[in-house]
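K.L.:
coords below, sequence missing:
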């Protein structure tokens with residue numbers, strides 16, 4: 001060996017012994033460990049003697065991978081293990097990385113494995129990994145917090161906008177309440193506001209009247225005859241429409257069309273109708289669908305716990321009555337109810353003034369009647385006696401005809417006096433439990449007998465044989481008799497028809513209607529017909545309906561008269577069963 005090689009050998013050995021990484025020399029053919037430096041021996045806890053007896057894969061916790069990599073190394077001459085643990089003598093697993101080279105020494109192939117302990121690096125990487133994971137969790141949490149805060153802020157902004165919108169809408173309604181306008185003007189302005197708030201093309205307001213019937217007080221977009229096609233849903237039949245509809249929806253599997261406050265809404269009538277029965281379809285939405293409405297809503301207006309009106313929304317486009325819009329309008333209904341109540345109160349005051357004036361007029365009539373009735377009846381009685389004496393003494397047919405006419409006029413004069421006296425004596429009813437059906441039948445028989453020469457057909461639509469109510473029987477007979485007499489007088493055709501019907505509304509009230517096919521009453525005269533002494537007849541005092549109005553009023557009922565000129569008249573009496 002030359003001095004150069006000896007010097008190289010010394011330097012290599014010194015490097016081998018002092019290296020801070022593990023070095024192991026392998027037999028390139030067998031994999032047996034020929035040598036290992038002190039660092040590796042200390043790292044694994046083996047003596048040099050113990051180490052050189054081992055094969056390369058013996059110092060690994062599992063042998064399959066090192067054996068396979070050793071064969072790969074024999075072919076490639078160089079290989080690197082990034083992260084492969086060694087196993088110490090006491091069983092510890094130490095993460096290391098390998099760099100393996102194949103070279104010749106004195107004509108013999110050997111493998112040098114440079115092994116670096118990466119325990120600290122692994123620990124640092126693990127700490128960094130945990131730190132990054134922790135940081136990622138914090139970032140995720142913070143992101144969620146920011147999202148939540150952002151959503152809260154959006155909701156707060158939205159709530160503030162809704163609140164501001166509601167305040168603005170309430171202020172506009174309050175301004176309406178302070179304006180000196182008529183009920184019709186109030187309704188028209190209300191519909192304009194509802195159109196602006198709802199964005200629906202068709203808006204209307206139904207207002208209840210005293211008989212729980214409805215009419216469009218004001219509307220926009222609907223055809224004038226549309227209200228006639230409305231069914232039980234839109235009429236809010238005695239406040240049970242919501243319950244009825246909920247029942248049908250429960251049967252059909254629809255539970256979302258009624259809001260918490262009782263409004264009905266449907267954003268797509270075709271989809272809604274596709275899922276309900278034909279009966280429910282016809283009952284609730286037929287008229288609207290036939291008019292091409294895809295979105296419909298009906299919002300009840302409550303006053304003192306009762307439905308007093310309803311807002312109708314409709315549009316040809318779907319999705320126009322979403323829940324937030326309906327709830328917004330629902331929040332405004334108490335103020336709308338105040339406006340309706342205000343005008344109802346004004347109307348009631350006007351009616352009270354009219355009734356007071358009528359009462360004074362009737363009082364004056366009573367005073368007049370009490371003064372002259374006796375004086376008028378005395379000469380009428382004398383005329384009647386003289387007429388009978390003449391008829392008895394003078395048997396003459398031409399004279400008898402004149403006497404018949406005199407008798408008829410005396411009877412008519414006596415009836416006028418009777419009406420005057422009845423008006424003057426009309427007091428608080430003397431209540432009894434009466435069968436109103438029997439009284440009605442008695443009056444029909446009496447009036448038919450009186451008008452026996454007239455060809456008038458009676459149609460009775462009375463199913464019950466007995467309906468007991470608290471009423472004054474004498475006043476009831478006067479009421480029905482006057483209405484039936486008016487019906488006969490109104491019939492100008494040769495074959496007249498008078499329909500008398502009775503309907504009970506629940507357990508507390510009933511309605512009796514009288515319908516004729518007579519000449520009818522003009523709209524102008526219909527406004528005056530209840531006034532005392534107003535009449536369109538050639539003969540008559542105009543007291544009949546005034547008496548009827550007072551009788552019904554004294555019984556806490558209502559009298560409704562509807563008429564079409566040339567078509568006929570329907571008079572409806574609404575009475576309570578209990579006083």
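P.N.:
Now that the structure is in, tell me what you want to look at. Not measured: the values here are computed from a predicted model.
K.L.:
what about the nearest residue to residue 181 once chain neighbours are set aside, which SS state?
P.N.:
Once flanking residues are discounted, residue 181 sits nearest to residue 189: 7.4 Å by Cβ to Cβ, 6 or more residues apart in numbering. Bear in mind the C-beta positions are built from the backbone N, C-alpha and C, glycine included. Put simply, residue 189 is helix when judged by DSSP: H, G, I helix; E, B strand; the rest coil.
K.L.:
Residue 189 and residue 205: what is the separation?
P.N.:
11 Å (Cβ to Cβ, to the nearest Å).
K.L.:
likewise residue 319?
P.N.:
23 Å.
K.L.:
repeat for residue 140
P.N.:
53 Å.
K.L.:
Kindly list the main-chain dihedrals of the residue sitting nearest the centre point of the chain?
P.N.:
Nearest to the mean C-alpha position of the chain, counting by Cα atoms, centre = their mean, stands residue 263 at 2.1 Å. The phi and psi torsions at residue 263 (degrees, to the nearest 10) take the values phi -80, psi 140.
K.L.:
Spell out the secondary structure type for the nearest residue to it once chain neighbours are set aside.
P.N.:
Leaving aside its chain neighbours, residue 263 sits nearest to residue 299 (4.3 Å; criterion: Cβ to Cβ, 6+ apart). Three-state call for residue 299 (three-state DSSP): strand.
K.L.:
My understanding was that residue 299 contacts residue 311; is that so?
P.N.:
Yes. Judged on Cβ atoms under 8 Å, residue 299 makes contact with residue 311 at a distance of 4.3 Å.
K.L.:
what residues are shared contacts of those two?
P.N.:
Residues touching both residue 299 and residue 311 (Cβ atoms under 8 Å, 6 or more residues apart in numbering): 329, 333.
K.L.:
Chain neighbours aside, what residue packs nearest to residue 472?
P.N.:
Distances taken as Cβ to Cβ, 6+ apart put residue 429 closest to residue 472, at 3.5 Å, once the chain neighbours are dropped.
K.L.:
what's near enough to touch that neighbour?
P.N.:
The contact partners of residue 429, taken as Cβ under 8 Å, 6+ apart, are 471, 472, 475, 551, 554, 555.
K.L.:
That one looks like it's in a helix, true?
P.N.:
No. Residue 429 is assigned coil when assessed by three-state DSSP, not a helix.
K.L.:
For the stretch 251-400 of the chain, which residues score under the pLDDT cut-off?
P.N.:
251-256, 275-290, 344-348, 350-352, 354-355, 358-359, 361-375, 394-397 (pLDDT under 70).
K.L.:
same thing but 90
P.N.:
For the stretch 251-400 of the chain, the stretches with pLDDT under 90 are 251-312, 314, 318-319, 321-324, 326-327, 333-400.
K.L.:
Do a quick rundown of the helices in it.
P.N.:
With DSSP state H, counting those that start in this stretch as the criterion, the stretch 251-400 of the chain has helices at 269-274, 278-284, 286-290, 323-393, 397-425.
K.L.:
now the stretch 1-150 of the chain
P.N.:
Using DSSP H, counting those that start in this stretch, the helices of the stretch 1-150 of the chain run over 3-18, 38-44, 48-51, 64-76, 119-178.
K.L.:
Just name the most buried of these.
P.N.:
With neighbours taken as mean count of other Cβ atoms under 10 Å, the helices of the stretch 1-150 of the chain reach their highest mean count in helix 38-44, at a mean of 18.
K.L.:
Give me the residues contacting it.
P.N.:
If you take Cβ under 8 Å, 6+ apart as the criterion, helix 38-44 is touched by 17, 19-24, 47-48, 51, 59, 86-89, 94, 115, 117.
K.L.:
returning to what we had before: how about the residue nearest to the centre of the chain, what does it touch?
P.N.:
Applying Cβ under 8 Å, 6+ apart to residue 263 gives the contacts 297, 298, 299, 300, 326, 330.
K.L.:
cutoff 10 Å now
P.N.:
Applying Cβ atoms under 10 Å, 6 or more residues apart in numbering to residue 263 gives the contacts 242, 257, 297-300, 310-311, 313, 321, 323, 326-327, 329-330, 333.
K.L.:
Please pull out the lowest mean pLDDT helix or strand from this protein.
P.N.:
The least trusted helix or strand in the chain, going by mean pLDDT, DSSP states H and E, turns out to be helix 241-252, with a mean of 48.
K.L.:
is residue 300 in a bridge, and if so with what?
P.N.:
Beta-bridge partners for residue 300, by DSSP bridges, are residue 310.
K.L.:
From residue 313, how far out is it?
P.N.:
13 Å.
K.L.:
and if you look at residue 29?
P.N.:
From residue 29 to residue 313 the distance is 95 Å (Cβ to Cβ).
K.L.:
between the two, which one's more packed in?
P.N.:
residue 313 (28 against 11; other Cβ atoms under 10 Å).
K.L.:
surely that one meets residue 320?
P.N.:
Yes. Taking Cβ atoms under 10 Å as the definition, residue 313 is a contact partner of residue 320 at 7.6 Å.
K.L.:
anything in contact with each of these two?
P.N.:
Counting by Cβ under 10 Å, 6+ apart, the residues touching both residue 313 and residue 320 are 198, 199, 200, 201, 202, 265, 293, 295, 296, 297.
K.L.:
Could you pull up the residues touching the closest residue to the fifth one other than its chain neighbours?
P.N.:
Pointing back at residue 202 there. Nearest non-adjacent residue to residue 202, counting by Cβ to Cβ, 6+ apart: residue 221, 3.3 Å away. By Cβ under 10 Å, 6+ apart, the contact list for residue 221 reads 191, 195, 200, 201, 202, 203, 204, 312, 313, 314, 315, 316.
K.L.:
hmm, back to that, filter the contacts of helix 38-44 down to the buried ones.
P.N.:
Taking 16 or more other Cβ atoms under 10 Å as the criterion, what is buried in these is 22, 23, 24, 51, 59, 86, 94, 115, 117.
K.L.:
Among these, which are located in strands?
P.N.:
22, 23, 24, 86, 94, 115, 117 (DSSP state E).
K.L.:
Check the gap between the fourth one and residue 119 for me.
P.N.:
Taking Cβ to Cβ as the measure, residue 86 and residue 119 are separated by 11 Å.
K.L.:
hey, what's in contact with both of those two?
P.N.:
Here residue 86 and residue 119 have 43, 92, 93, 94, 95, 96 as joint contacts, going by Cβ under 10 Å, 6+ apart.
K.L.:
Spit out the contact partners of residue 32.
P.N.:
So residue 32 contacts 25, 26, 52, 53, 54, 55, 56, 58 (Cβ under 10 Å, 6+ apart).
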